[in-house]
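*Asks:* Quick one: sequence plus predicted model below, questions after.
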Amino acid sequence: MANPKGTPENLKKFTTDREEPLSEKMNIRMTKTMKEEVQQQENPPEFCREAIQEKLDKNKGKSST
């Protein structure tokens with residue numbers, strides 16, 4: 001019988017070299033066109049993280065002035 005948890009390689013902990021680990025998830029709604037454009041990017045998850053961070057930094061700059 002197959003292992004229901006997958007292969008032993010899948011059981012290894014995920015590690016990252018980032019300052020802060022990617023431990024949280026968020027679901028968003030977007031248009032079909034937006035989704036298609038994001039999925040065409042080389043690395044869609046990283047593209048979304050960078051876009052969100054840019055907007056957060058921009059808003060932070062507005063509120064501090």
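*Replies:* The structure has been received and is ready for your questions.
*Asks:* Helices along the chain, start to end?
*Replies:* Using DSSP state H, the helices of the chain run over residues 32-39, 44-64.
*Asks:* What helices and strands are in contact with the last one?
*Replies:* Other elements packing on helix 44-64 under the criterion 3 or more Cβ pairs under 8 Å, 6 or more residues apart in numbering; DSSP states H and E are helix 32-39. All C-beta atoms are positioned from the backbone trio N, CA, C, and that covers glycine.
*Asks:* Report the buried residues of the helix it packs on.
*Replies:* Judged by neighbour count (16 or more other Cβ atoms under 10 Å), helix 32-39 contains no buried residues.
*Asks:* Under the pLDDT cut-off, which ranges of this structure? List them.
*Replies:* Low-confidence segments of the chain (pLDDT under 70): 1-3, 5-6, 10-11, 13-14, 16, 64-65.
*Asks:* again, only using 90
*Replies:* Low-confidence segments of the chain (pLDDT under 90): 1-23, 61-65.
*Asks:* now for the helices of the chain, which one comes closest to Glu20?
*Replies:* Taking Cβ to Cβ, helix 44-64 is the member of those nearest to Glu20, at 11.1 Å.
*Asks:* pull the CA atoms of stretch 39-51 into CSV?
*Replies:* In CSV, the C-alpha atoms belonging to stretch 39-51 read as follows (Å, rounded to 0.1, in the frame of the first residue of the first chain):
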residue,chain,number,x,y,z
GLN,A,39,0.7,32.9,-14.4
GLN,A,40,2.8,34.0,-17.4
GLN,A,41,5.5,35.4,-15.2
GLU,A,42,8.7,33.4,-14.7
ASN,A,43,8.0,32.8,-10.9
PRO,A,44,4.3,33.8,-10.2
PRO,A,45,4.5,33.4,-6.3
GLU,A,46,7.6,35.6,-6.1
PHE,A,47,6.1,38.1,-8.6
CYS,A,48,3.1,38.5,-6.3
ARG,A,49,5.2,38.8,-3.2
GLU,A,50,7.3,41.5,-4.8
ALA,A,51,4.3,43.4,-6.1
